[in-house]
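**Q** My questions concern the predicted model and sequence given below.
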Amino acid sequence: MRIGIGLPTRADALAAADLLAWAERADGGPYSSLAVLDRVVYPAHEPLMALAAVVGVTRRIGLLASIVIAPTRETTLLARQAASLDVLSGGRLSLGLGIGVRRDDYTATGQVFAQRGRRLDEQLPLLRRLLAGRPLDGSIGAVGVPPTRPGGPELLVGGYVSAVARRIAASADGFMAPGGGEPDRMAALWREIEAAWRDAGRSGSPRWVGSSYVALGPRADEQAAAYIRATYAFDPALAERRLAGIPTSPAAVADVVRRQAGMGVHEFVFRPCVAEPALLDRLADLLATLPDVELQP
C-alpha cells in the first residue's frame, strides 16, 4: 500500500512560501501523492489552484484532488482546469469528485443542495468525455488541451452511499474513501463497487484510495482536537466521531496502516491536523518501519 500526504491549504496553516516548501519536502520523501480538500464557504485555498502552485516545486509526487465538490462547479470549466493541471504536471493528477455535505457551499454557488447527487450523475460522463479530449458534440470542438494519457487523468468518486458504486462503474476509475470513514462501512461499500464494476463489464479493476487525519508528536491529541473541532464546527457531533478515529501515536498509525492494507486499499492518505514540517519526517520515519507500506523513491 502506498502512502500519500495532505497539503495544508487552510488559510491560517501556512504562508505561500511555506506551503511550497511543504510540497517540495513531501516530493523528496516517501509519499506517493499530495492531497487537497475542497470546500467553498471555508477559509482555504481553492484545491486545483493549490495543486497548480506546487507543480513547479515538485517532480514525481502525484497530485490528488481529494475531493472536488463537483456539483458546485460548472462542468466544462472544471474539465478544462483539470486537464490543464494534468498536462502541466506531466500527467500526475488524480481528480477525486464528490457531492459534499455542506448546504452553504451550494447556496454560495447558486446550486441546489437537494439535487447534488443527480447533478453529479449528469456531470461524470461529460467530464470523462472532456478529460479524454473528445468533442462535446458534433458542432463543438474539443475543450482545452489534449490529454497526456489515453482517457485523461484518473477519475475517482468519493462518498458514503451505494450510488457511489454505480457512478464508479459507469464513469470513473476508482473510489476515494472519505476521510474519517468507518473502516467496516468503507469495506462494505468497496464490495459493492467491485460487484458493480463486474456487472458493468469493465475490464481490470477499480482503484481504492483511503484516508485519515493524523497527528504525531508531544501535543498530538491537543492538535487533533483543535483542528477537527474547527473543521467540523458546523456539526459538533460529527466532529467528535471524526476525532475518535484519528491516530495520534506511532502505534495507532501502525494499526491504521495494517488494517487498511489488510482490507485491500491501494493508497492511503494521511491528512495532517497540524502544518508542522516535522510531521512529514516523523511519519516518514515511522512508515519506514512498517511492512505493509510501499515507499516511493
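**A** Received, thanks.
**Q** quick one: low-confidence parts of the stretch 51-200 of the chain?
**A** The model of the stretch 51-200 of the chain has pLDDT under 70 over residues 138-139, 180.
**Q** redo that, cut-off 80
**A** 136-142, 179-181 (pLDDT under 80).
**Q** quick one, helices of the stretch 151-297 of the chain?
**A** Ranges of helices within the stretch 151-297 of the chain are 163-171, 183-199, 220-231, 236-244, 250-263, 277-287, based on DSSP state H, counting those that start in this stretch.
**Q** got the angle for the fourth one vs helix 220-231?
**A** In other words, helix 236-244. Put simply, helix 236-244 runs at 150 degrees to helix 220-231, going by axes from the mean of the first three to the mean of the last three C-alpha atoms, to 10 degrees.
**Q** Where do the strands of the chain begin and end?
**A** 2-6, 33-36, 62-69, 93-98, 154-158, 174-176, 207-214, 267-272 (DSSP state E).
**Q** what angle separates the fourth one from strand 154-158?
**A** Using the same axes, to 10 degrees, the inter-axis angle of strand 93-98 relative to strand 154-158 is 20 degrees.
**Q** Can you work out which other helices and strands pack against strand 93-98?
**A** strand 62-69, helix 75-88, helix 116-131, strand 154-158, strand 174-176 (3 or more C-beta pairs under 8 Å, 6 or more residues apart in numbering; DSSP states H and E). C-betas here are computed from N, CA, C, even on glycine.
**Q** what does the second one contact?
**A** For helix 75-88, the surrounding residues in contact (C-beta atoms under 8 Å, 6 or more residues apart in numbering) are 48, 51-52, 55, 63, 65, 68, 70, 92-93, 95, 122-123, 126-127, 130-131, 133, 136, 143-149, 152-153.
**Q** Pull out the buried members of these.
**A** 48, 51-52, 55, 63, 65, 68, 70, 92-93, 95, 123, 127, 130-131, 133, 143-144, 147-148, 152-153 (16 or more other C-beta atoms under 10 Å).
**Q** For Arg242, give me the pLDDT.
**A** If you check Arg242, the pLDDT there is 86.
**Q** so it sits right up against Ser211, yeah?
**A** No. Arg242 lies out of contact with Ser211 (C-beta atoms under 8 Å); the separation is 11.6 Å.
**Q** what's the neighbour count on Pro43?
**A** Neighbour count for Pro43, taken as other C-beta atoms under 10 Å: 11.
**Q** mind listing what it touches?
**A** Each residue near Pro43 by C-beta under 8 Å, 6+ apart is listed here: Arg10, Ala11, Asp12.
**Q** Between the residues you listed, which sits nearest Ala108?
**A** The closest of the contacts of Pro43 to Ala108 turns out to be Ala11 (C-beta to C-beta; 16.3 Å).
**Q** And the closest one, how close does it get to Pro43?
**A** 4 Å (C-beta to C-beta, to the nearest Å).
**Q** Then Asp285?
**A** Distance from Asp285 to Pro43, by C-beta to C-beta: 32 Å.
**Q** Same question for Thr231.
**A** From Thr231 to Pro43 the distance is 11 Å (C-beta to C-beta).
**Q** Good, we can wrap up now.
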